[in-house]
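>>> Sequence isn't available, so here's the structure alone:
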């Protein structure tokens, strides 16, 4: 994919209003999940070392501000589930409010991804920072696992509606096969919001078949005990035994 084209288009749209509004742009220091960092005061935060954010902000009409830019991943691992904190600053540079926005696409190792976000209101200045993130499994490993599940008869349910996509983004753990009971039937569910943006759903028989295939191919499948936040009705219908 040509990553320059969307930025050029977006910037061209925004520059059309440049004579009427004041713009601000620049890199923002990245916020960090405290659980990932030790001794923050004496050393740079982990996200500051792994990510760099470049952005531009301007009024977009209807009482909103449009913020576009890139998140750069300077680590050696693909990053997923990235959330950006957009902070409103007053004239003195103090934070007076903030909102967290989720980026839809993973950011590849040593790469970048474009974002285009809207926030309500308008402030003299903004700060954009990585609020939280996770590292993806090796894509080849994920693709092999999903190929194995499909070969064992698991049904692939694509997040093809806003409701499904929203639910998929909240499911944990990710890329892990989880047993789920529904209407006195046992299902096995595998959620991948990053690569296929889908669920794999199978029966007990298909689960046993997948295990047999994994052993025959010396391939491991991550198996857990509980899948959080699954909206059953959103993903209906479910397979029959």
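Arrived safely, thanks for sending. In this text, all values refer to a predicted model and were calculated from it rather than measured experimentally.
>>> Averaged pLDDT, the helix or strand harbouring residue 169. What do you get?
In this structure, residue 169 sits in helix 162-170 according to DSSP states H and E. Mean pLDDT, computed over helix 162-170, is 91.
>>> next helix or strand past it?
Along the chain past helix 162-170, the next helix or strand (assigned with DSSP H and E) turns out to be strand 177-182.
>>> contact partners of that following strand?
Identification of contacts with strand 177-182 by C-beta atoms under 8 Å, 6 or more residues apart in numbering yields 149, 186-190, 207, 210, 221-227, 230, 232, 238. Using the backbone N, CA and C atoms, a C-beta is placed for each residue, glycine as well.
>>> mind redoing it with 6 Å?
Contacts made with strand 177-182 from outside it, assessed by C-beta atoms under 6 Å, 6 or more residues apart in numbering, are listed as 187, 188, 189, 190, 221, 223, 224, 227.
>>> Can you flag which of these belong to strands?
Cross-referencing the contacts of strand 177-182 with the strands (criterion: DSSP state E) gives 187, 188, 189, 190 as the overlap.
>>> Can you tell me which of those residues is closest to residue 161?
Nearest to residue 161, judged by C-beta to C-beta, of the ones in strands among the contacts of strand 177-182 is residue 189 at 17.6 Å.
>>> Start and end of stretch 183-201, how far apart?
When the termini of stretch 183-201 are compared using C-alpha to C-alpha, to the nearest Å, they are 15 Å apart.
>>> what is the mean pLDDT for it?
Per-residue pLDDT values across stretch 183-201 average out to 92.
>>> Report the buried residues of it.
Buried positions in stretch 183-201, judged by neighbour count with 16 or more other C-beta atoms under 10 Å: 187-201.
>>> Stretch 160-174 too?
With the criterion 16+ other C-beta under 10 Å, stretch 160-174 contains buried residues 164, 167, 168, 169, 171, 174.
>>> where's the last one relative to residue 127, distance?
As defined by C-beta to C-beta, to the nearest Å, residue 174 lies at a distance of 29 Å from residue 127.
>>> swap in the first one?
Residue 164 sits 33 Å away from residue 127, going by C-beta to C-beta.
>>> Can you tell me how far the spatially most central residue of the chain is from residue 169?
By C-alpha atoms, centre = their mean, the mean C-alpha position of the chain lies nearest to residue 81, the distance being 2.6 Å. In this view, residue 81 and residue 169 are 8 Å apart by C-beta to C-beta.
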